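Visitor: Sequence and predicted structure below; questions after.
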Amino acid sequence: DFDASRMLFSMPGSNGCWQVFEMGADGRNLRQLPLINEPDVDNYDACYLPDGNIIFGSTAPFTGVPCVTGASHVANLYRLDRATGTIRRLTFDQDHNWCPTVLNDGRLLYLRWEYSDIPHYVARILFHMNTDGTDQKEFYGSGSYWPNAMFYARPIPGSPSKFVAVVGGHHDLPRMGELVLFDTARGRHEADG
């Protein structure tokens, strides 16, 4: 959390699927968050927002990745309003949205699997949006052949344009690769940044 008193993580929950849990930084007060608790829905990749609300990925859309005949369930991003318990879907994509994190300007950065007008193996592009789901647009990599995927992107504290990400290939080891420093002030395409 932004005050370093709590943390979020995913593990199998009460329904046997991946769920988001929260506990104190001291290891106490472990609890499963009241998210989309259906028998075959996974919730994961959660992050806190500065206002205390939570963004998370969920397979609740019940969509499967087309290139593997639906065998891999797609996660889209949702927002939990902690005060009301209301959950709102933020992305409506046929493929995954992963690794949400808050940028230094308060916008949400996330990895989007995008198939439109691009070769299949370079389909993971960093997007950003307002935390209410509005103004979704490319952040880095649109139309680029490199990097193939930028997992776990995180902004550099105090920098308006720098971030790090784990760069991996489309079918490499899952979410593994080289740690690369990018600077959007130098460019947003290929290795320009």
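Guide: That came in fine, so what should we check first? Computed from a predicted model, the values in this text were never measured in an experiment. Residues are numbered from 1 along each chain as shown.
Visitor: By mean pLDDT, point me to the weakest helix or strand of this protein.
Guide: Here the helix or strand of the chain ranked lowest by mean pLDDT, DSSP states H and E is strand 124-129, holding a mean of 91.
Visitor: who are the neighbours of that strand, in terms of helices and strands?
Guide: Packing partners of strand 124-129 (3 or more Cβ pairs under 8 Å, 6 or more residues apart in numbering; DSSP states H and E): strand 108-113, strand 137-140, strand 149-155. From N, CA and C alone the C-beta is placed, and that goes for glycine too.
Visitor: after the longest one, next one along is what?
Guide: Once strand 149-155 ends, the next helix or strand along the chain (criterion: DSSP states H and E) is strand 162-168.
Visitor: Burial check on residue 46, number of neighbours?
Guide: By the criterion of other Cβ atoms under 10 Å, residue 46 has 23 neighbours.
Visitor: How is it classified with respect to secondary structure?
Guide: When classified by DSSP: H, G, I helix; E, B strand; the rest coil, residue 46 comes out as strand.
Visitor: for it, what are its contacts?
Guide: 8, 10, 20, 33, 54-57, 100 (Cβ atoms under 8 Å, 6 or more residues apart in numbering).
Visitor: Next one: it from residue 192, what distance?
Guide: 32 Å (Cβ to Cβ, to the nearest Å).
Visitor: where does residue 39 land on pLDDT?
Guide: What the model reports as pLDDT for residue 39 is 87.
Visitor: Run the chain-centre distance for stretch 28-41.
Guide: Centroid separation for stretch 28-41 versus its chain: 18 Å, with Cα atoms, centre = their mean, to the nearest Å.
Visitor: next one: stretch 89-102
Guide: The answer for stretch 89-102 is 6 Å, by Cα atoms, centre = their mean.
Visitor: Report the mean confidence score over it.
Guide: 92.
Visitor: outside of that stretch, which residues touch it?
Guide: 45-50, 55-57, 60-61, 63, 65-66, 74-79, 108-115, 123, 127, 129, 131-133, 136, 151-155.
Visitor: Kindly export that stretch (C-alpha atoms) in PDB.
Guide: Provided in PDB are the C-alpha atoms of stretch 89-102 (Å, rounded to 0.1, in the frame of the first residue of the first chain):
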ATOM      1  CA  ARG A  89     -14.900  -3.600 -15.200                       C
ATOM      2  CA  LEU A  90     -12.300  -1.300 -16.800                       C
ATOM      3  CA  THR A  91     -11.100  -3.100 -19.900                       C
ATOM      4  CA  PHE A  92     -13.100  -5.000 -22.500                       C
ATOM      5  CA  ASP A  93     -10.500  -6.900 -24.500                       C
ATOM      6  CA  GLN A  94     -10.600 -10.300 -26.200                       C
ATOM      7  CA  ASP A  95      -7.100 -10.900 -24.800                       C
ATOM      8  CA  HIS A  96      -5.200 -10.300 -21.600                       C
ATOM      9  CA  ASN A  97      -4.500  -7.200 -19.600                       C
ATOM     10  CA  TRP A  98      -1.800  -7.800 -17.000                       C
ATOM     11  CA  CYS A  99       0.500  -6.200 -14.500                       C
ATOM     12  CA  PRO A 100      -1.300  -3.000 -13.500                       C
ATOM     13  CA  THR A 101       0.700  -0.400 -11.600                       C
ATOM     14  CA  VAL A 102       0.400   3.300 -10.900                       C
END
